[in-house]
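> Provided below for reference: sequence and predicted model.
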Amino acid sequence: WLLCLLPCFIFIFLFLLGRINGDSVTQTADLVTLTEGASVILDCTYQTTYSVSFLFWYVQYLGKAPQLLLKSATENQRTESQGFHATLVKKENSFHLQKPAIQPSDSAVYYCAVGEAGSACVFAVL
C-alpha cells in the first residue's frame, strides 16, 4: 500500500521544494464538467526564480499514478500529446492546457508544475 502512496509523496515533496525556492503554480482548481465534444482550457500560471524553466502538465487517471502529459521550456512553441496542446508564454507566465474536443476517456485530474532545467531528470528518476 505504501507503493500506491509514492506518487502522492513525490508530488508533495516537489511542491514543497518549489515553494522553498520561491516557485509557485496557479491552475484551474475547481471541478470542470463538460459534455462530450466540448473544448476545454485548463489555466496554468506560474512564478519562478529560474532563468530557464520547464513547465509540465501531468494527468492522473482514476486508480493510476500521475504520468507526464506535456512539457516545454521553449517560448511560443506548441507542444502536443493525446489531443491536448499547450504553448509556453513566458511574458504572461502561462502554460494553459487545451483540447478542442473532450472525450469521456479524458476524465482525470490534471496537474501543472514548474521546475528548473537541471531538475527535469529528477522527474524521470522518481
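It's in. Numbers count the residues shown, from 1 in each chain.

> can you give me the strands in the chain?
For the chain, the strands defined by DSSP state E cover 24-27, 40-42, 44-47, 53-60, 67-72, 78-81, 84-87, 97-99, 109-116.

> and the fifth one, what other elements does it pack with?
In this structure, strand 67-72 packs against strand 53-60, strand 78-81, strand 84-87, with contacts taken as 3 or more CB pairs under 8 Å, 6 or more residues apart in numbering; DSSP states H and E. In this view, the C-beta of every residue, glycine as well, is placed from N, C-alpha and C.

> reformat the strands of the chain as TSV; add mean neighbour count, mean pLDDT and distance to residue 33.
Output for the strands of the chain, formatted as TSV (neighbours: other CB atoms under 10 Å; pLDDT from 0 to 100; distance: least, CB to CB, whole Å):
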stretch	mean neighbour count	mean pLDDT	distance to residue 33
strand 24-27	16	85	17
strand 40-42	16	93	10
strand 44-47	18	91	19
strand 53-60	21	91	17
strand 67-72	17	95	20
strand 78-81	14	96	23
strand 84-87	20	97	18
strand 97-99	18	96	15
strand 109-116	20	88	14
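
> will you turn those strands into a markdown table that also has distance to residue 34?
Output for those, formatted as a markdown table (distance: least, CB to CB, whole Å):
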| stretch | distance to residue 34 |
| --- | --- |
| strand 24-27 | 17 |
| strand 40-42 | 6 |
| strand 44-47 | 18 |
| strand 53-60 | 15 |
| strand 67-72 | 17 |
| strand 78-81 | 19 |
| strand 84-87 | 14 |
| strand 97-99 | 10 |
| strand 109-116 | 13 |
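
> need the helices and strands packed on strand 67-72 in CSV (columns: distance to residue 116).
Output for the helices and strands packed on strand 67-72, formatted as CSV (distance: least, CB to CB, whole Å):
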stretch, distance to residue 116
strand 53-60, 6
strand 78-81, 18
strand 84-87, 19
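
> residues near the residue lying closest to residue 54 once chain neighbours are set aside, how many?
Nearest non-adjacent residue to residue 54, counting by CB to CB, 6 or more residues apart in numbering: residue 73, 4.7 Å away. Neighbours of residue 73 under the rule other CB atoms under 10 Å: 17.
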